[in-house]
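Student: sequence first, then the predicted structure, then my questions.
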Amino acid sequence: MSSPEAFSDAERRILQPYFTNTDSHVFALTNLPETVKGALFARYSRSAKSLRRLFLDEFAGDLASAPVPVQGSVGIARAEKLYAKVFNDYGDDSVAQLGGAHIACEYVSNVLTKVLEWGRLMAYLEQSTRYVPYTDKLHGRWRYHVPAELDGSLRARYVRSMDEGFETYARLIDPLQRYFAAKYPKAPQDSEPVHRAATRAKALDTLRGLLPAATQSNVGIYGTGQAFEALLLRMRAHPLLEARECAAEMLRELRKVIPSFLTRVDQPDRGDRWTAYFRHARDETRRVAGRLLDEIEAEPRDEVSLTEFDPDGEIKIVAAALYSASDLPDDQLVAIARRMSPADRTAVLQAYTGDRTNRRHRPGRAFERTAYRFDVLTDYGAFRDLQRHRLLTLEWQPLSTRHGYSEPDAIREAGVLEEWTRVMDGSAELYEELMSSGLNEVAPYAVSMAYRVRFYLDMNAREAMHLIELRTAPQGHPAYRRVCQQMHTLIAERAGHTAIAAAMKFADHSEVELERLKSERELEKKRLRT
């Protein structure tokens, strides 16, 4: 797949030492300091620009005088022989954890971003739908993916529906921003830029539900060779052509920077067998599930349900907290903790969690002794944010329009309900048309992000603390804030783990009107200090 962005000859000369290509939408970063790579990816998630354009505009000048390192072919050959010997003689896959790469995947659909961000042991940054308006066109087209599986009249119908949704989204941004500016007047202590940025973010937050899952995004990934191998094997087995083509592009580019770690991916007796295994297991599971479940209708559930927990979880965490401070066996400590008074157990947990002055001060691994499983049915936009948490177990069901959609109160209050509803109805009609044509795997591209998707989150209490405190922060999106606030309440009230819930002292249940206002104020203070 070629890159939708063209560079001049002069720009290509600047880019060539630092990127594996200048003409494809998938490329790896080379010859750059780790700090530059990290800063570049961090900037990437808050910009509408491509990564290479960002590099040209904001980073290339700083590196102009620095010598470009040259990788010697002798060193590469020696490394390849070493890794081949380890793999062949010892079968030690962990050696592939010792080298990594940065890679960018640009103009990929939001369906594909979820595939790319599946692995736990990788780092990702994805273009935001909260801070970047999706109003820029590429070569005269809105930024959405057109699946190669579509052709003829169905393809034309798909393009027409996508265009209508994007046109509505773009048209409503300014009216929604004016609505929020009027509803939340500028405070005397705020500057115009701060107020404008906060109301702009609120408008984009409200309207992102209009964007389809086909909306294109940019994703920056850092991972080890082992993690990339696992990712590519899954992608090569994926039913969507977009995923398989992206895997081929990634493998080609990664072999330019970490070739030794990816030798097995497309070998007939290794990677191809793994890929066939993944594909067969998926297809067989769907076949059996269809036979057993097709006639059963889903029972109604709340937006968030706590479906599994250990009633003794708090007792076990107390025992685990005492373990490293004692010489007693584990089961004996559990028995002792069970006999303690609630006040004593609370005292242990208070001592163990310590004086937390911010949410990044998290207690130790004792909090991993118990876990919670939540079943969630919320809009796809919120799911996108929660899905990126990696130190937990998460699985989601196929995206569809059959669970209904979320409708922010501001849509009705601002007088744009008719346009919102028209996009939602159009999304549902296109989805059903694709499903009836047998394109079950392609149909999710048509689904607007306001539609709900069902997924579960299974995590220990330590990860729950991290997720809940992070995602209930006042600057968070209202949808995922609401989900995580409910999780916190369920841990305290349904599980009865009041001391664990109390340890999550930075869980924020406040109601916030302009979520980004406080953050924009802080950003302005930082800018003024520099």
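Tutor: Perfect, thanks for sending it. In this text, all values refer to a predicted model and were calculated from it rather than measured experimentally.
Student: low-confidence ranges, the protein, go.
Tutor: 1-3, 33-35, 38, 62-96, 98 (pLDDT under 70).
Student: any idea which helix is longest in it?
Tutor: helix 152-183 (DSSP state H).
Student: for it, buried residues please.
Tutor: Applying a neighbour-count criterion of 16 or more other CB atoms under 10 Å, one finds 154, 157-158, 161-162, 164-166, 168-170, 172-173, 176-177, 179-181 buried in helix 152-183. Where you see a C-beta, it was placed from the backbone N, CA and C, and this is true even at glycine.
Student: same question for stretch 134-144.
Tutor: 134, 142-144.
Student: with stretch 188-201 instead?
Tutor: Those would be 190, 194-195, 197-201, for stretch 188-201 by 16+ other CB under 10 Å.
Student: ok, back up a step: what helices or strands is whatever helix or strand comes next after the longest helix of the chain leaning on?
Tutor: Using DSSP states H and E, the helix or strand that directly follows helix 152-183 along the chain is helix 192-207. Contact partners of helix 192-207 among helices and strands, from 3 or more CB pairs under 8 Å, 6 or more residues apart in numbering; DSSP states H and E: helix 152-183, helix 517-529.
Student: Ala428 is nearest to which of the ones you listed?
Tutor: helix 152-183 (10.3 Å; CB to CB).
Student: now the closest one against helix 192-207, angle please.
Tutor: With axes from the mean of the first three to the mean of the last three CA atoms, to 10 degrees applied, the angle from helix 152-183 to helix 192-207 works out at 140 degrees.
Student: just send the helices and strands packed on helix 192-207 back as JSON lines, with distance to Arg359 too.
Tutor: Compiled in JSON lines, the helices and strands packed on helix 192-207 are given as follows (distance: least, CB to CB, whole Å):
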{"stretch": "helix 152-183", "distance to Arg359": "28"}
{"stretch": "helix 517-529", "distance to Arg359": "15"}
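Student: I'd say Asn401 and Gly426 touch.
Tutor: Not quite, residue 401 is Thr, not Asn. No: Thr401 sits out of contact with Gly426 when judged by CB atoms under 8 Å, with a separation of 10.3 Å.
Student: quick one: which of these two has more around it?
Tutor: Thr401 (23 against 19; other CB atoms under 10 Å).
Student: so who does that one touch?
Tutor: 424, 427-428, 431-432, 447-448, 451 (CB atoms under 8 Å, 6 or more residues apart in numbering).
Student: and if we set it to 6 Å?
Tutor: 428, 431, 447, 451 (CB atoms under 6 Å, 6 or more residues apart in numbering).
Student: where along the chain do the strands fall?
Tutor: For the chain, the strands defined by DSSP state E cover 26-28, 100-109, 122-126, 216-224, 304-309, 371-379, 393-396, 452-460.
Student: please identify the deepest-packed of the ones you listed.
Tutor: Most buried of the strands of the chain, by mean neighbour count (mean count of other CB atoms under 10 Å): strand 26-28, with a mean of 24.
Student: and that one, how far out from the chain's middle?
Tutor: 19 Å (CA atoms, centre = their mean, to the nearest Å).
Student: show me what that strand is packed up against.
Tutor: strand 100-109, helix 241-254 (3 or more CB pairs under 6 Å, 6 or more residues apart in numbering; DSSP states H and E).
Student: distance to Phe367 added to those, as CSV?
Tutor: Converted to CSV, the helices and strands packed on strand 26-28 look like this (distance: least, CB to CB, whole Å):
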stretch, distance to Phe367
strand 100-109, 29
helix 241-254, 36
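Student: how about these, which one is nearest Lys518?
Tutor: For these, proximity to Lys518 was assessed by CB to CB; strand 100-109 is nearest, at 31.3 Å.
Student: and that closest one, what other elements does it pack with?
Tutor: Looks like strand 100-109 contacts strand 26-28, strand 216-224 (3+ CB pairs under 6 Å, 6+ apart).
Student: redo those as TSV? Include distance to Glu5.
Tutor: Formatted as TSV, the helices and strands packed on strand 100-109 follow (distance: least, CB to CB, whole Å):
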stretch	distance to Glu5
strand 26-28	11
strand 216-224	11
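Student: select, out of those strands, the one closest to Arg273.
Tutor: Short answer: strand 216-224, nearest of the helices and strands packed on strand 100-109 by CB to CB, at 22.1 Å.
Student: list the neighbouring strands of that closest one plus their orientation.
Tutor: strand 100-109 (antiparallel), strand 122-126 (antiparallel) (DSSP bridges).
Student: run the chain-centre distance for the longest one.
Tutor: Counting by CA atoms, centre = their mean, strand 100-109 is centred 13 Å from the centre of its parent chain.
Student: what does stretch 317-337 give?
Tutor: Counting by CA atoms, centre = their mean, stretch 317-337 comes out at 37 Å from the chain centroid.
Student: sorry, back to before: wait, which of the helices and strands packed on strand 26-28 is closest to Glu308?
Tutor: helix 241-254 (31.0 Å).
Student: how many residues are close by the residue lying closest to Leu386 once chain neighbours are set aside?
Tutor: Nearest residue to Leu386, sequence neighbours excluded (CB to CB, 6 or more residues apart in numbering): Tyr480, at 5.7 Å. Using other CB under 10 Å, Tyr480 is surrounded by 22 other residues.
Student: so which residue is smack in the middle of the protein?
Tutor: In the chain, the residue lying closest to the centroid (CA atoms, centre = their mean) is Arg388, at 3.3 Å.
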